[in-house]
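Asker: Test case, fold it:
(2 chains)
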Amino acid sequence: MSSIKRRIFLCLVGLLAGLAAWPAAEITLLFQADFPSYLVFSIFLGAVFGIFIGAFFGSGDGVIMSHRRSIVTGVARGVFIGALGGAAGFFIGQAALFLTGEYLIHSMKRFSTVGMPVSRAIGWAVLGLFAGMVDGVRSRSGNKIRVGIIGGISGGFLGGLALEYFRTAYPETVFARLLGLLIFGLFIGLFYGFVEVRLSYGVLTLLNGRFKGREFLINQKKLRIGALEKNDIKLEGYHDVSDCHALVSVKKDDVFISPVADGRLLVNDDPVNEHMLKYEDVIKIGSAKLLYQYK
Amino acid sequence: MITGKVNIVSAALIALLASWASAHAESVRISQIDPSMLLFKQNVKVYVSVTDKVGAPVKSIGKEKFTVFESADGHAFKRIPAIKDFQTMANYEAGINFLLLIDNSGSMYLDMKQRLTRNPANMKFSHAKAAISTFLKSMTNPKDRVGLASYNSYYESFSDPVSDKEKLEGLLGHIRMPVGDEGHTEIYASLCRAVDEFRSVKGRKAILILSDGENRPYYKYAGKPHRDFGTKIYSYTEPIRDCQQEGISVFAINFGRGGERKDAHLKDIALNTGGALFDAGDGGELARVYSKIVGQILNEYLITYSATMDPADRKYVKIKYASGNGPIEAVRFYFSSTVFGLPLQWFSYLLLLPFIVALLLLWLLSRIRFERKKGAASIEVLNPGPARAVTKAFKLNKGHTIIGSSRSANMTIMSGLTQIKEKHATITFDSKKKRYTIVGDGDFKVNNKRVKTKVLESGDLINVGGATIVFDDGEVD
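Answerer: Modelled structure (predicted):
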């Protein structure tokens, strides 16, 4: 899948995350008055919301790569991290909202049209931060977490603003929050995809075979390439690819590739042990050929 | 000279204070709400001030005299079952924020008996400055902060509340005499502006307004729309409403010694906001104002209660005080919105539908694999680079395939930074060995290596003049 398709997929996954989280959030909101405190309510609502957002965003990489196992592990970890992140995000977001809201409600005449949307958008930005981090925490990648934080905050803030203004413009519409959540998810996906490419160390593009044109972003310090599902880059349908064939590693912004165990690895038709990749190097792993580029 | 006058006026004002203590009802006021512990402890703190019929603080009131109510809409109030904590003198440590709002209309440049004078020392404005100076010196709490603004036809701010009293005294010299149509007296509008500027300041707040006349709106008396307020004429009820909403007390000083027409509603504004009106002004008077405010704060009651969980963007708090003459109340609101906002008014099982749709669509997305099927051998431009690719892709012949800049080439790549020959490279098919070989007349690379000829493998990357071309044998297994 090309990077454009990948971004479109991320946006779609974000949209679906918003769509799935909406009913859960609405049902929880209906019971607000039954909660003992704002603390319990915020944590519970955040955890419920985070479970759905985390599960969907967690499945994103697996969905994009069509890896069933990655989807399952992504969802499982996404649920866990999403619940924690959502609870923390809602708690911090609510604290930020109370703080800014109480300040702005007394200092702004146009509170309902400016103060409230901005206050809530700050809360959404914090929530977006945690939603964006899910995949980075899942893959234990600092760079991915950084991508998620930037993408999540930007998407969360802009999505939150869009949500609030839509609600202000159409107060009678019961689907205002649904639309807002779709925008929220879409923006996180959009910004994540945008920042992901900007902050990646390069991209590997398959040049032949069944999945020719598929792109793999080098967005973490270590990437394993092989035939098995557990690898970050799974080369499915290619000859002579070992279970775990090669390792891409990033050292001080330079990208290296090395064979794992006795895997035969060629770069520009020459066998290598450890090789620092340069622009337009062609890597051969089994029958698969991968082009290294950076953007 | 001024000092002498100040002393005379001061003595007279002790008597006048008694006249201020005229008959008006006992009142309760919420001066501040602190919801900062709402999220962590569910607590809301309410600072309540109770003044008696002469405006003096009512001391030693028991907790049982207060009842707390909360409402999500400002109409239907729910009684809070218990007050969690009850204290007095809780606010003194934080200091007070004052805003000095000084009349700078034309009449302030007459003498104390409303006569024209050329001697600045005799002008009321000079007396007012001396009085303010005394007021600033009388402040005993270093945490107190003072801001400065003036008004005539226009409101002008000179300083937000600051601790540096000397700096503030210096700023008094920046207030200039009004000219032209600046000399009107927009009291009510200026008070509203002062409240606006004071909104963002946290803590206990008081406005001290010095006035020597009545409200004379610009639009009404100049017959032209006001620069800031247009044709709007402010009523005295507007600053009362704004001050009550923000918990700001107004202390009004009618400045001068007779002859002036006093504003009819300044007293209402002061009393309805928990402040007081003083009917003459000098330094001693203002020092008493300070003691009065401090006294009031020292006797404020701090009520802590557990907030309700009813959904609302703002919650209204009502404090009911059982006074000797029956219950009296005060209402104020605090921010209580949640990140998600208010819940829907209905529930339907159809709410679950979006979740099912989302799951279904995610499953469908995961089924999209973008797999290629077996096809013919081909070359395809991956990135034209500095060159211009006239042909983007080409299915390879069984014979010769020419790559070059000629229009007759099978794949035409026009020169960019690097010269591309008309027949730059040729790919030939060996039907016996079933393989393709590239041979070049010009300079080119395969897999980032400069070569003259190479047997091509699927996925080999050919670079011609900066354009990258992928060779694909069409196999997928």
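
Asker: Could you check which residue of the stretch 151-295 of chain A lies nearest chain B?
Answerer: residue A:289 (2.8 Å; Cβ to the nearest Cβ). Placement of C-beta: from N, CA and C, glycine included.

Asker: List the beta-bridge partners for that residue.
Answerer: residue A:284 (DSSP bridges).

Asker: just checking, it touches residue A:283?
Answerer: Yes. Contact criterion Cβ atoms under 8 Å: residue A:289 and residue A:283 qualify, at 7.0 Å.

Asker: circling back to that earlier point, count the neighbours of the residue of the stretch 151-295 of chain A closest to chain B for me.
Answerer: Counted with other Cβ atoms under 10 Å in any protein chain shown, residues neighbouring residue A:289 total 26.

Asker: Now do the contacts for it.
Answerer: Neighbour list for residue A:289: A:206, A:207, A:208, A:282, A:283, B:457, B:458, B:459, B:460, B:461 [criterion: Cβ atoms under 8 Å, 6 or more residues apart in numbering or on different chains].

Asker: Among those, the buried ones, what's the ChimeraX command?
Answerer: To isolate the buried subset of the contacts of residue A:289 in ChimeraX, counting by 16 or more other Cβ atoms under 10 Å in any protein chain shown, use the following:
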select /A:206,207,208,282,283 /B:457,458,459,460,461
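
Asker: Closest one to residue B:209 out of the contacts of residue A:289, please.
Answerer: Of all these, residue B:209 sits closest to residue A:206, with 77.0 Å by Cβ to Cβ.

Asker: Poorly predicted segments of the chain, please.
Answerer: Chain wasn't specified; assuming chain A. The model of chain A has pLDDT under 70 over residues A:1-3, A:103-112, A:134-135, A:138-139, A:171-174, A:295.

Asker: Let me rephrase: I mean chain B.
Answerer: B:1-25, B:54-55, B:89-93, B:256-260, B:279-287, B:417.

Asker: max-length strand in it?
Answerer: Longest strand in chain B by number of residues, with DSSP state E as the criterion: strand B:435-446.

Asker: Quick check: residue B:290 touching residue B:138?
Answerer: Yes. Using Cβ under 8 Å as the test, residue B:290 is close enough to residue B:138 to be in contact (5.0 Å).

Asker: And the two? Which one has more around it.
Answerer: Higher neighbour count among residue B:290 and residue B:138: residue B:290, with 23 against 16, using other Cβ under 10 Å.

Asker: what residues does the stretch 1-150 of chain B put near chain A?
Answerer: Counting by Cβ under 8 Å from any Cβ of the partner chain, the positions of the stretch 1-150 of chain B adjacent to chain A are B:35, B:36, B:38, B:39, B:40, B:42.

Asker: one more time with 7 Å
Answerer: B:35, B:38, B:39, B:40, B:42 (Cβ under 7 Å from any Cβ of the partner chain).

Asker: out of the residues you listed, which are inside helices?
Answerer: Under the assignment DSSP state H, these contribute B:38, B:39, B:40 to helices.

Asker: right, and the first one touches residue A:97 too?
Answerer: No. In this structure, residue B:38 is not within contact of residue A:97 by Cβ atoms under 7 Å, at 10.8 Å.

Asker: Now for residue B:397: which residues touch it?
Answerer: residue B:429 (Cβ atoms under 7 Å, 6 or more residues apart in numbering or on different chains).

Asker: what kind of secondary structure is it in?
Answerer: Classification of residue B:397 by DSSP: H, G, I helix; E, B strand; the rest coil places it in coil.

Asker: State the distance from it to chain A.
Answerer: In this structure, residue B:397 and chain A are 20 Å apart, going by Cβ to the nearest Cβ, to the nearest Å.

Asker: what's the answer for residue B:74, then?
Answerer: 14 Å.

Asker: Write out the residues of the stretch 201-350 of chain B neighbouring chain A.
Answerer: By Cβ under 7 Å from any Cβ, the residues of the stretch 201-350 of chain B that approach chain A are B:246, B:309-311, B:313-314, B:334-335, B:337-340, B:343-344, B:347.

Asker: Among those residues, name the ones in strands.
Answerer: Residues of these located in strands (DSSP E): B:314, B:334, B:335.

Asker: I figured the last one was touching residue B:314, is that so?
Answerer: Yes. Residue B:335 lies in contact with residue B:314 (Cβ under 7 Å); the separation is 5.9 Å.

Asker: Neighbour count for those two, which is higher?
Answerer: With neighbours defined as other Cβ under 10 Å, residue B:335 and residue B:314 compare such that residue B:335 has more, 25 against 19.

Asker: What residues does the more buried one make contact with?
Answerer: Contact partners of residue B:335, counting by Cβ under 7 Å, 6+ apart, are A:98, A:101, A:102, A:105, B:35, B:314.

Asker: Could you dump the residues you listed into JSON lines with distance to residue B:242 added?
Answerer: Output for these, formatted as JSON lines (distance: Cβ to Cβ, whole Å):
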{"residue": "A:98", "distance to residue B:242": "23"}
{"residue": "A:101", "distance to residue B:242": "19"}
{"residue": "A:102", "distance to residue B:242": "18"}
{"residue": "A:105", "distance to residue B:242": "14"}
{"residue": "B:35", "distance to residue B:242": "20"}
{"residue": "B:314", "distance to residue B:242": "16"}
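
Asker: Of those residues, just say which sits nearest to residue B:261.
Answerer: residue A:105 (38.5 Å).

Asker: contacts for stretch B:40-60?
Answerer: Contacts for stretch B:40-60 (Cβ under 7 Å, 6+ apart): A:37-39, B:21, B:23-35, B:37-38, B:61, B:84, B:91, B:271, B:274, B:276, B:295-296, B:299-307, B:317, B:319, B:321, B:334.

Asker: can you give me phi and psi for residue B:28?
Answerer: phi -120, psi 140 (degrees, to the nearest 10).

Asker: bridging residues for it?
Answerer: Taking DSSP bridges as the rule, residue B:28 bridges to residue B:50.

Asker: still on that earlier bit, filter the contacts of stretch B:40-60 down to the ones in strands?
Answerer: Secondary structure defined by DSSP E assigns B:27-34, B:84, B:276, B:301-306, B:317, B:319, B:321, B:334 of the contacts of stretch B:40-60 to strands.

Asker: In the stretch 351-477 of chain B, what residue lies closest to chain A?
Answerer: Closest contact between the stretch 351-477 of chain B and chain A, by Cβ to the nearest Cβ, is at residue B:459 (2.8 Å).

Asker: quick one: contacts for that residue?
Answerer: A:207, A:208, A:289, B:470, B:472 are the contacts of residue B:459 under Cβ under 7 Å, 6+ apart.

Asker: can you map out the strands along the stretch 101-250 of chain B?
Answerer: According to DSSP state E, counting those that start in this stretch, the stretch 101-250 of chain B carries its strands in the segments B:145-151, B:155-162, B:204-211, B:248-254.

Asker: nearest to residue B:421, of those?
Answerer: Smallest distance to residue B:421 across the strands of the stretch 101-250 of chain B (Cβ to Cβ): 75.4 Å, for strand B:155-162.

Asker: who's in contact with that closest one?
Answerer: B:97-99, B:145-150, B:168, B:171, B:174, B:190, B:193, B:197, B:201.

Asker: show me where chain B has helices.
Answerer: Along chain B, counting by DSSP H, helices occupy B:2-20, B:38-41, B:124-138, B:165-172, B:187-198, B:218-222, B:237-246, B:266-272, B:283-298, B:353-367.

Asker: what do you get for the stretch 151-295 of chain A?
Answerer: Using DSSP state H, counting those that start in this stretch, the helices of the stretch 151-295 of chain A run over A:176-198.
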